[in-house]
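1. Sequence unavailable; structure follows:
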């Protein structure tokens with residue numbers, strides 16, 4: 001059993017255990033519609049057993065980056081349908097990542113309105129708006145009566161993803177975005193039923209998961225978490241308790257997979273005593289995907305030791321459309337060009353060479 005072994009994700013057959021991780025590329029066209037180039041980009045990487053798309057906002061209020069695609073308009077659905085058709089013809093499976101950035105945004109994106117968050121707390125960091133780089137503004141707290149609307153945005157996003165032909169969806173609950181903001185006690189100081197206790201803080205993420213399950217069925221839903229993420233003023237007083245509780249609640253919902261970012265390599269390496277993968281593995285009985293600095297050797301080791309079922313790769317897949325073949329042959333890898341991660345149109349997007 002290794003990265004190249006087939007795998008059954010619910011009733012979906014994957015040709016291998018290598019997942020293309022969701023990566024923001026900032027190449028959407030007018031109306032936040034997927035760029036036609038995205039068809040080529042994803043088809044080139046259909047060597048992955050499973051592709052998870054870049055985050056796609058579930059509403060205009062959920063946007064926080066220039067030129068990121070959405071999943072709330074008919075034009076976006078039509079654009080994504082071209083991608084899913086092409087990927088399926090190439091033999092891979094593809095999930096859409098449902099995204100709402102919450103407070104990691106700016107009024108420049110929101111017709112002058114403030115970004116929303118669980119609580120009106122200041123946020124460290126800058127953001128690239130349509131009018132240049134600016135400091136992230138202090139957000140406004142979502143009113144209690146607005147929260148059902150947020151849940152419905154995710155539900156509608158899932159319905160649109162289904163209409164666009166996706167095999168399933170991944171809920172973006174990581175990287176300091178809206179659902180992550182509600183779950184952790186650093187950014188969530190609410191005193192109503194969506195704040196305070198861990199049960200209350202987990203309420204919105206779990207309600208979103210249930211709403212999306214109603215659309216696709218539990219085995220075609222994934223959820224992404226990043227327990228160690230600290231940018232954008234993110235923190236939690238007890239990550240072990242928070243994320244183990246949350247994994248248990250997702251397990252009760254019989255979710256298809258849990259996708260956890262916990263770096264094992266690179267500059268953000270997580271100290272052994274802070275690692276949560278084994279604890280989450282013991283709790284969550286569905287498929288576990290791990291992400292964070294894996295190469296072929298570390299990925300194979302994690303699969304063979306049953307630390308994870310699947311391994312997701314970000315920038316290695318970005319720069320190597322044929323990553324599984326390169327890993328099989330122990331071939332050299334293309335080096336990712338950081339200057340074209342979020343700009344460049346074809347350059348740094350669809351022009352990386354295959355073997």
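-> Yes, it's here. Small disclaimer: the values here were computed from a predicted structure and weren't measured.

2. Would you agree residue 266 is in contact with residue 291?
-> No: if you go by C-beta atoms under 8 Å, residue 266 and residue 291 don't touch, sitting 11.4 Å apart. (Each C-beta comes from the backbone N, C-alpha and C, glycine too.)

3. more crowded one of those two?
-> Between residue 266 and residue 291, counted using other C-beta atoms under 10 Å, residue 291 has the larger neighbour count: 24 against 10.

4. So what touches stretch 122-135?
-> Residues outside stretch 122-135 that contact it (C-beta atoms under 8 Å, 6 or more residues apart in numbering): 64-66, 103-106, 108-109, 136-139, 231-233.

5. distance between the ends of it?
-> Terminal residues of stretch 122-135 lie 10 Å apart, using C-alpha to C-alpha, to the nearest Å.

6. Show me what counts as buried in stretch 329-344.
-> Going by neighbour count (16 or more other C-beta atoms under 10 Å), the buried part of stretch 329-344 is 334, 336, 337, 340, 341, 342.

7. what ranges do the helices span in the chain?
-> In the chain, the segments counted as helices under DSSP state H are 37-44, 74-89, 147-163, 178-183, 198-201, 203-216, 239-252, 277-283, 296-304, 315-319, 323-329.

8. Of the buried residues of stretch 329-344, just say which sits nearest to residue 182.
-> residue 342 (26.7 Å; C-beta to C-beta).

9. Disregarding residues adjacent in the polypeptide, which is nearest to the closest one?
-> Nearest residue to residue 342 in three dimensions, chain neighbours excluded: residue 26, at 4.1 Å (C-beta to C-beta, 6 or more residues apart in numbering).

10. Run a quick neighbour tally on residue 162.
-> Neighbours of residue 162 using other C-beta under 10 Å come to 17.

11. was I right about it contacting residue 216?
-> Yes: in this structure residue 162 lies within contact range of residue 216 using C-beta under 8 Å: 6.4 Å.

12. Just give the nearest non-adjacent residue to the residue nearest to the spatial centre of the chain, would you?
-> In the chain, the centroid-proximal residue (C-alpha atoms, centre = their mean) is residue 172; its distance is 4.4 Å. In space, and not counting its chain neighbours, residue 172 is closest to residue 99: 4.5 Å by C-beta to C-beta, 6+ apart.

13. distance of that neighbour from residue 238?
-> 26 Å (C-beta to C-beta, to the nearest Å).

14. Which one's more surrounded, these two?
-> residue 99 (34 against 12).

15. For that one, name its beta-bridge partners.
-> residue 57 (DSSP bridges).

16. for residue 206, what are its contacts?
-> 249, 250, 253.

17. rerun that using 6 Å as the cut-off
-> Residue 206 makes contacts with residue 249, as judged by C-beta atoms under 6 Å, 6 or more residues apart in numbering.

18. Next: the one 5 residues further on.
-> Counting by C-beta under 6 Å, 6+ apart, residue 211 touches 151, 154, 155.

19. Counting neighbours, which of these comes out on top?
-> residue 154 leads these on contacts (other C-beta under 10 Å) with 29 neighbours.

20. and it, what pLDDT?
-> Looking at residue 154, its pLDDT is 99.

21. What sits closest to it if chain neighbours are left out?
-> residue 208 (4.6 Å).

22. From residue 38, how far out is the one you found?
-> From residue 208 over to residue 38 (counting by C-beta to C-beta), the distance is 25 Å.

23. ok, the two, which is more surrounded?
-> The neighbour count for residue 208 versus residue 38, taken as other C-beta under 10 Å, is higher for residue 208 (27 against 24).

24. what about residue 241, distance to residue 56?
-> Taking C-beta to C-beta, one finds residue 241 at 31 Å from residue 56.

25. go on, residue 200?
-> In terms of C-beta to C-beta, residue 200 sits 28 Å off from residue 56.

26. Not counting its neighbours along the chain, what's nearest residue 164?
-> The spatial neighbour of residue 164 that comes closest, neighbours along the chain excluded (C-beta to C-beta, 6+ apart), is residue 80 at 4.0 Å.

27. pLDDT wise, what is that neighbour at?
-> At residue 80, pLDDT is 99.

28. what's the answer for residue 302, then?
-> 97.

29. Could you do residue 244 as well?
-> 98.

30. roughly how far apart are the spatially closest residue to residue 136 that is not a sequence neighbour and residue 163?
-> Nearest non-adjacent residue to residue 136, counting by C-beta to C-beta, 6+ apart: residue 123, 4.4 Å away. In this view, residue 123 and residue 163 are 34 Å apart by C-beta to C-beta.

31. Would you mind telling me which of the two has more residues around it?
-> Legend: neighbour count by other C-beta under 10 Å for residue 123 and residue 163, higher for residue 123 (23 against 14).

32. Show the pLDDT at that one.
-> Residue 123 is given a pLDDT of 98.

33. which stretches of the stretch 1-150 of the chain form strands?
-> 7-9, 12-14, 18-20, 50-57, 93-99, 116-117, 126-129, 132-135, 140-141 (DSSP state E, counting those that start in this stretch).

34. Just put the buried residues of stretch 329-344 in TSV and tack on distance to residue 129.
-> Compiled in TSV, the buried residues of stretch 329-344 are given as follows (distance: C-beta to C-beta, whole Å):
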residue	distance to residue 129
334	31
336	25
337	24
340	20
341	18
342	13
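
35. Appreciated, that's everything.
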